[in-house]
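Undergrad: Kindly generate the corresponding structure for this input.
(2 chains)
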Amino acid sequence: MSTVVSKTVNFKLNGKDVSAPEGTVIIEAAKQHGVEVTNLCYNRKLKPFAACRTCMVEMKTDGKKELVYSCTQPVAEGIEVSTNTEETNRYNKANVEMLLVEHPLDCPICDKSGVCPLQDNTEALQLFDGRFEIQRRNEPSIKSNPIIEFYLNRCIICGLCVRACDEIQGVQALDFHKRGMKTTIGTANEEPLDCEFCGQCITVCPTGALLDMTSENRGLAALFTNTQSVCNYCSWGCTVKLETKKGKLIRIEADEGYDVGINEGNLCAKGRFGHGIEHNVERIKNPLLNHGGTFKEVSWEEAIKTIAERIQSTLNRSGPESLAGIGGEKLTNEENYLFQKLFRGYFGSNQVTNLANLRAPYVNRFMVDCFENGIHSKPVTELEKADVVLIFNSDLPSEYPVAGNSIRKGAVFTGTDILIANPRNVVFNNEAGVDIRMNYTFGADLAVANRLSRIMLDNKLVDKTKAKSAVPNFDEWEKSLAPYTADEAAKLTGLSDDILTRAAKRFAREADRFILIGNDILDTGQGEDILNALLNLSILVHAGGQGSVSIFPPREHCNSQGVNDMGCTPDYLPGYRSAKDSTALAALAKEWGLNSLSFGDDNPARELWDNCVNGNFKFLYIAGEDPVGSYYKGSQAKAALNATPFLVVQDVFMTETAKMADIVLPTVTFAEKEGTCTNMSRHVQKISPAIPPQGNSKTDLDIFFDLANALGKPFGYSSVQEIQEEIARTAAVYKGTFPGSRSKQWTPEDFESKPGFRICGPFAKPASKKDYTFKLLTNNHMFHIGNYSQYAKALVDVGPDCVAEINPKDAEGLNLESGDRIVIESESHKVEVPVNVSAVAARGMVYVPKNWAEVQVNLLRNGEEGLVSIKVAKA
Amino acid sequence: MPMETNDTAVEEEEEKEIDLALTREILDKLPAKSRRYLIPTLQKIQGIYRYLPEKAMQVVIDELQLTRAEIYGVISFYPPLLTTEPGKYIFKLCYGTACFVKGATIIAAKIHDEYHIRPGETDKSKLFTLQTASCLGNCGAAPMAIIGEDTHNTIDPEKTSELLACYRDRRDEEETAEVAAE
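TA: Numbering: from 1, shown residues only, chains lettered A, B, ... in the order given. As a prediction, the model looks like this:
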């Protein structure tokens, strides 16, 4: 909630006394009181526009009657509003009637049929015998891009798509063209649509003029079966509507209903068009047994028996700690919980981890630090009400696109200030009054964050005395900021101190603040210090400023948060209790019906790959991950898996990792399973199955059940709810969060209060290597994430190729033009890709998305931390 | 009256080299690099090149921070803004009420027969661009047209045909003279 509190006004609605916050438009206030006003162009996410002229209501001010458009007229004290009067209906009817002169009645083959505002309004206004002669347009459908079809005969020029594209998405790929009778919506000169393909235009279109071509069926969306679930791609956790027909997933839509999920009906390309993985011929069909390099299909019984026997023999021969597991960032909480329960409770091994934790174990500690400093962070549903948002090293439209939607809405309705700190000149168009870009020299993240803190102290932007009394090691921390003088910071970051000071002032003032951190910081090799610097910045405004601060750890996949919450890390048990905490272990043992639980002091899973190579691990179980393809040190993972005597992989597709397994188990996609996922801001949300498991695949949950049975100790749960109840008992933070259909953020109430700054190490410039003059940055592409999106046809259609990005000045030096191919070479590997010369790329840096199996950027890293040094040459 | 469609394929013109420095100069002279000045900017650019070349528009997009959809949305709203180079003479055929009832459409049909152009199009030899105008304010002399800078009153299809021939000859003469001068 914004720190500016708005007044409530009282008025009469159809004779009843009601109230609404000041500034609310009548149509919205009426809706909140259960009164629907006809309309075609109103959307609460967008600025009032009044294009359709069908929402007229009667308003009396001091007895004086006026007819007003309810989508633009705000409520006022004492007014009397009447809807659906004889007079307003006459006007509203006339306008809809005129639309129906042109609008085709091809409803049976229209995707909107049954969920169509034009249909609803026609019905509401009882417009069954129009006065005018029908004059239909008959223009051909425009299908010049692979995803969104324009069938403009149905268009009523309400402008919702144009406004959504502009205000919500900040892309402005659509606009009105020509004028008068000939007005159409579309791209410049009818060029093929080239945009972020978020598909918001399809959701907001009230008539089916814009259609989702990835949909397997045309028409009558109202007859599809809808299942509300949560997107399986990034960690933002958007609610999606899975639409099925006859047991087949037809398409994915957004749900614009009130109080649904965290995304208010916004989705990105991945969330909306990333289906096609569910009914895919390339899915693994049966359990596979590796016979000296060739895979043989086996029955589930045989596969599970083989694994159980191997577990037993490994336990007997090498002891419990020789078994290790990698939990899945795309598995549900319940699945991950059972996974670590198998390891801890059944095998007696604490060696369970996940790829994000292997890469950056400090991220969890950072989150716990926030809690211990009393920074609990608001739910992201409040993001649109933030006064200031700091986006730190994140390319939002690619990384958390829907976060961008909320921030843009905030910029319009709340007046949110937007501060963007990024070495890349990332695109983030918005309507914020204050939009400060801190485009720093790459590798200078730490200097930027620390300089911001120092400016706040030096310029007395916060109450230093208050902060000092609240945080014990204040002086030590302040001293550690000494090197970040204006001159030094300018030298390190390439930013003028004016810009940083402006940003610091906006951030320090009394405000509700949000900090979103990109996964790019993990690539710098200084991720821990950067997170600490941002933590310190938050502590400073939290302890010495007014308002609130919300900061979330960077997370990549849909359940990267949950896999850690569930204790798939050697350091933490479920709910972030230390794995060395004997009380917690005793409680867990009791819950699991064991006499006791205790683990050794060493946690070889912290250095999982090394310990595979050293032979310390004899058995490795990977649940739904592809470290060879996606771990940032791919070659290290590959060498480790090669050395592991027995490898079990369960996944949907035959990944590079699965190809190295001894046993591969076919699992299901998110559309086929039940459970919960937790997003990066700790919202626990429900995943519901829309289709049954395809073919012979099983859910990860069922596989773990089978395994427990085969080990002779069935879990004994009769439903997913029973697992959730157990989680709520063992992971205290999850108590009361398991959702019905609502999402709920878990609150960190049981954490100790231990305020303290985390002193950062000294600033270090990225190491340079002779001859390797460029640095590599890699992250997810706008249309791809993880190892499934490449199986979604629509996403491949719009994002077919891996294209590197290079700064124009660097390109000039190498004589490169967009479209040329380049060879990128590190000490360990070489890849060839086409290049795009773009001002988004920072100087001295080449950005390569990491989502193409044929461009294995993760192999360029030769074990080292930090930005990888590379050579670039024209191919 | 809907005109017959023009089936003659428009040949892709080779893109003409234009001097973008002139566009930059216009942009640099703006009081601020803001979209508020878009329309006067477009007018000035058209004043130089006689139309709005794609490359110049890209410069405007970059400088004023617009998207292609937005800028072409504005251009397509205003008929005087042209995205292709017009012919040497702009043939403004009055479609005002008086001219319309006295046969402007028949004249348009005649032009289409001879030059295969419809309103908004330019003939192959780049001599004429046909435009229609709502009213040119000379109703007493309907139907009438303005060709280049010259007003022609009370025209008919035959007269129009002769007029066009005159302009074609004039252009040919000028070109010959130019070649001779070189």
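Undergrad: CA atoms for contacts and neighbours, from now on please.
TA: Noted.
Undergrad: which residue is nearest the centroid of chain A?
TA: Central residue of chain A (C-alpha atoms, centre = their mean): residue A:236, 2.6 Å from the mean position.
Undergrad: and it, helix, strand or coil?
TA: With DSSP: H, G, I helix; E, B strand; the rest coil as the basis, residue A:236 sits in coil.
Undergrad: gap between residue B:37 and residue B:26?
TA: For residue B:37, the distance to residue B:26 equals 11 Å [C-alpha to C-alpha, to the nearest Å].
Undergrad: Find the residue ranges of the chain scoring beneath the pLDDT cut-off.
TA: Let's take chain A. Filtered on pLDDT under 70, chain A yields the residue ranges A:1-5.
Undergrad: let's do chain B instead
TA: B:1-16.
Undergrad: Show me the strands in it, by range?
TA: For chain B, the strands defined by DSSP state E cover B:89-94, B:128-133, B:145-147, B:150-152.
Undergrad: neighbours of the closest residue to residue A:304 other than its chain neighbours, just the number please.
TA: What sits nearest to residue A:304 in space, not counting adjacent residues and going by C-alpha to C-alpha, 6 or more residues apart in numbering or on different chains, is residue A:707, at 6.2 Å. Look at residue A:707: counted by other C-alpha atoms under 10 Å in any protein chain shown, it has 21 neighbours.
Undergrad: Over to residue A:610?
TA: Neighbourhood size, residue A:610 [other C-alpha under 10 Å]: 18.
Undergrad: Let me see the contact set for residue A:137.
TA: Contacts for residue A:137 (C-alpha atoms under 8 Å, 6 or more residues apart in numbering or on different chains) come out as A:102, A:103, A:153.
Undergrad: With residue A:188 instead?
TA: Taking C-alpha under 8 Å, 6+ apart, we find residue A:188 in contact with A:174, A:175, A:177, B:68, B:69, B:70, B:71, B:72, B:73.
Undergrad: let's see it at 7 Å
TA: With C-alpha atoms under 7 Å, 6 or more residues apart in numbering or on different chains as the criterion, the residues that contact residue A:188 are B:68, B:69, B:72, B:73.
Undergrad: Residue A:420 versus the third one, what's the distance?
TA: What that stands for is residue B:72. 30 Å.
Undergrad: In helices, which of the contacts of residue A:188 appear?
TA: B:68, B:69, B:72, B:73 (DSSP state H).
Undergrad: measure the residue nearest to residue A:753 when sequence neighbours are not counted to residue A:364 for me?
TA: What sits nearest to residue A:753 in space, not counting adjacent residues and going by C-alpha to C-alpha, 6+ apart, is residue A:372, at 4.7 Å. Counting by C-alpha to C-alpha, the separation of residue A:372 from residue A:364 is 12 Å.
Undergrad: what does residue A:324 give?
TA: 20 Å.
Undergrad: Apart from its chain neighbours, what residue comes closest to the most centrally placed residue in chain B?
TA: For chain B, the residue nearest the mean C-alpha position is residue B:86 (4.2 Å; C-alpha atoms, centre = their mean). Of all residues not flanking residue B:86 in the chain, residue B:129 sits nearest, at 5.5 Å (C-alpha to C-alpha, 6+ apart).
Undergrad: For residue A:561, see how far away the one you found is.
TA: In terms of C-alpha to C-alpha, residue B:129 sits 64 Å off from residue A:561.
Undergrad: between the two, which one's more packed in?
TA: Higher neighbour count among residue B:129 and residue A:561: residue A:561, with 26 against 23, using other C-alpha under 10 Å.
Undergrad: Now do the strand or helix carrying that one: everything it contacts.
TA: Here residue A:561 sits within helix A:560-565, counting by DSSP states H and E. Helix A:560-565 has contacts (C-alpha under 7 Å, 6+ apart) with A:235, A:327-329, A:333, A:336, A:555, A:574-576, A:677-680.
Undergrad: who touches the closest residue to chain B within the stretch 751-875 of chain A in this structure?
TA: The stretch 751-875 of chain A approaches chain B most closely through residue A:839 (11.6 Å), counting by C-alpha to the nearest C-alpha. By C-alpha under 7 Å, 6+ apart, the contact set of residue A:839 is A:425, A:807, A:808.
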